[in-house]
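> here's my sequence, what's the structure:
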Amino acid sequence: MKTSVLSAVALVAMLVAPLRITRGAPQQSSAEKDYKANCVLCHSIDGTGSSPTGKALKAKDLKSPEVQNASDADLVAAITNGKGKMPAFGKKLSPDAIKGLVNYVRSFAKK
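Below is the predicted model:
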């Protein structure tokens, strides 16, 4: 009897434990981490290219129609090879990470 009660308690604990973990703060996606590590300095946290004081940083506004209407291939090329004053990230980031950044940049249009 004691064994079955202990087994039942252990089973319930195993089922409930993952629920507690997921109730915390939402996990950052790897694309969001890559953006914060590589892009935020110039493009700002919200993608507008403005500093916290509202002063333009002279980087592209990632919410702009120019960026949002660009093809995925064009954005991949710009991130991989650099464009204008933007450095190339092709040697620093994997192709999958760059595709993730393109999707993250697309998310700025919805904010």
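> what is the least confident helix or strand in this structure?
helix 2-22 (a mean of 50; mean pLDDT, DSSP states H and E).
> secondary structure class for the closest residue to residue 63 other than its chain neighbours?
Closest residue to residue 63 apart from its sequence neighbours, by CB to CB, 6 or more residues apart in numbering: residue 108 at 4.7 Å. Heads up, the C-betas are built off the backbone N, CA and C, glycines and all. Put simply, residue 108 is helix when judged by DSSP: H, G, I helix; E, B strand; the rest coil.
> can you pull the contacts of residue 108?
The contact partners of residue 108, taken as CB atoms under 8 Å, 6 or more residues apart in numbering, are 46-47, 62-63, 68.
> likewise for residue 82?
Residue 82 touches 88-89, counting by CB under 8 Å, 6+ apart.
> likewise for residue 65?
Contacts of residue 65 by CB under 8 Å, 6+ apart: none found.
> quick check: pLDDT value at it.
pLDDT recorded at residue 65 is 95.
> hmm, back to that, between the contacts of residue 108, which is closest to residue 78?
residue 62 (11.0 Å; CB to CB).
> the closest one in helix, strand or coil?
Under three-state DSSP, residue 62 comes out as coil.
> just after the least confident helix or strand of the chain, pick out the following helix or strand.
Going down the chain from helix 2-22, the next helix or strand is helix 30-38, by DSSP states H and E.
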